[in-house]
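> sequence and predicted structure are below.
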Amino acid sequence: AQSVSQHNHHVILSEAASLELGCNYSYGGTVNLFWYVQYPGQHLQLLLKYFSGDPLVKGIKGFEAEFIKSKFSFNLRKPSVQWSDTAEYFCAVSTSGTYKYIFGTGTRLKVLA
Amino acid sequence: GAVVSQHPSRVICKSGTSVKIECRSLDFQATTMFWYRQFPKQSLMLMATSNEGSKATYEQGVEKDKFLINHASLTLSTLTVTSAHPEDSSFYICSAKMRGSSPLHFGNGTRLTVT
């Protein structure tokens, strides 16, 4: 069965620190990859997505993610976090041809001002 | 664009009653809608997939007679929790997508509490 692992459950950073959140998935075929963010009290919002092409994907608010097929990974990065990045981040995978998304357990990020 | 409205945001009901949750795509046609359930400190668990005009496809372990899903139009899907029990208390989230390989767009979720 397909699964998505996010190894960091809670991350606390100071403003201006760099961020990297890990995401690994288990599926041998073609995948579509996503990062969603959920700010406190708000709904899930798409940060960025990868379908094909350049494995380095740039999203909104300065976030980027790199798809490394050999490692089954899609880690999220931001060079300098802000207090407003405090939120929960979810990695999701859907297999090409289906529309079912499998989500990771989420990483709760807290950025200290 | 791509706004999904979910209603109600919170509902409290008594055990044994039924609750209906609505999910609407406001500015796009949602050929497929998904219903998720989220337990505290856990990930979103897919309950079912519904395509407009056809029966929903339920994930393993999800009781289709308990969680009735209707997707009567391209902009509306409903989830009815029938004969609710306290263990059904949870956060239910709907999402919708357009035709083809497009990302999901999420509603704000519904916090259901069954007393």
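Nice, thanks for sending it over.

> what sits against the one residue sitting closest to the centre of chain A?
Of all residues in chain A, the one closest to the mean position by CA atoms, centre = their mean is residue A:35, 3.6 Å from it. For residue A:35, the contacting residues are A:23, A:46-49, A:59, A:63, A:65, A:74, A:76, A:89-92, by CB atoms under 8 Å, 6 or more residues apart in numbering or on different chains. No exception for glycine: its C-beta is placed from N, CA and C like everyone else's.

> a markdown table please, covering these and showing distance to chain B and pLDDT.
Below are the contacts of residue A:35 laid out as a markdown table (distance: CB to the nearest CB, whole Å; pLDDT from 0 to 100):
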| residue | distance to chain B | pLDDT |
| --- | --- | --- |
| A:23 | 12 | 97 |
| A:46 | 5 | 90 |
| A:47 | 10 | 94 |
| A:48 | 9 | 94 |
| A:49 | 5 | 92 |
| A:59 | 11 | 93 |
| A:63 | 15 | 97 |
| A:65 | 14 | 98 |
| A:74 | 14 | 97 |
| A:76 | 15 | 97 |
| A:89 | 12 | 96 |
| A:90 | 7 | 95 |
| A:91 | 10 | 96 |
| A:92 | 8 | 93 |
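
> how near is the residue nearest to the centre of chain A to chain B?
Between residue A:35 and chain B the computed distance is 10 Å (CB to the nearest CB, to the nearest Å).

> once you drop chain neighbours, what's closest to that residue?
Distances taken as CB to CB, 6 or more residues apart in numbering or on different chains put residue A:47 closest to residue A:35, at 4.3 Å, once the chain neighbours are dropped.

> what's the average pLDDT for the strand or helix carrying residue B:46?
Secondary structure from DSSP states H and E places residue B:46 in strand B:44-51. Computed over strand B:44-51, the mean pLDDT rounds to 90.

> does the next helix or strand after that strand pack against any helices or strands, and if so which?
Where DSSP H and E defines the elements, the next helix or strand beyond strand B:44-51 is strand B:57-58. Packed against strand B:57-58 by the contact rule (3 or more CB pairs under 8 Å, 6 or more residues apart in numbering or on different chains; DSSP states H and E) you find strand B:44-51.

> who does the strand it packs on pair up with?
According to DSSP bridges, strand B:44-51 has the following sheet partners: strand B:32-38 (antiparallel), strand B:57-58 (antiparallel).

> quick check: residue A:67 vs residue A:50, distance?
Separation of residue A:67 from residue A:50 (CB to CB, to the nearest Å): 5 Å.

> kindly apply the preceding question to residue B:62 instead.
From residue B:62 over to residue A:50 (counting by CB to CB), the distance is 29 Å.

> can you check residue A:60 too?
Taken as CB to CB, the span from residue A:60 to residue A:50 is 14 Å.
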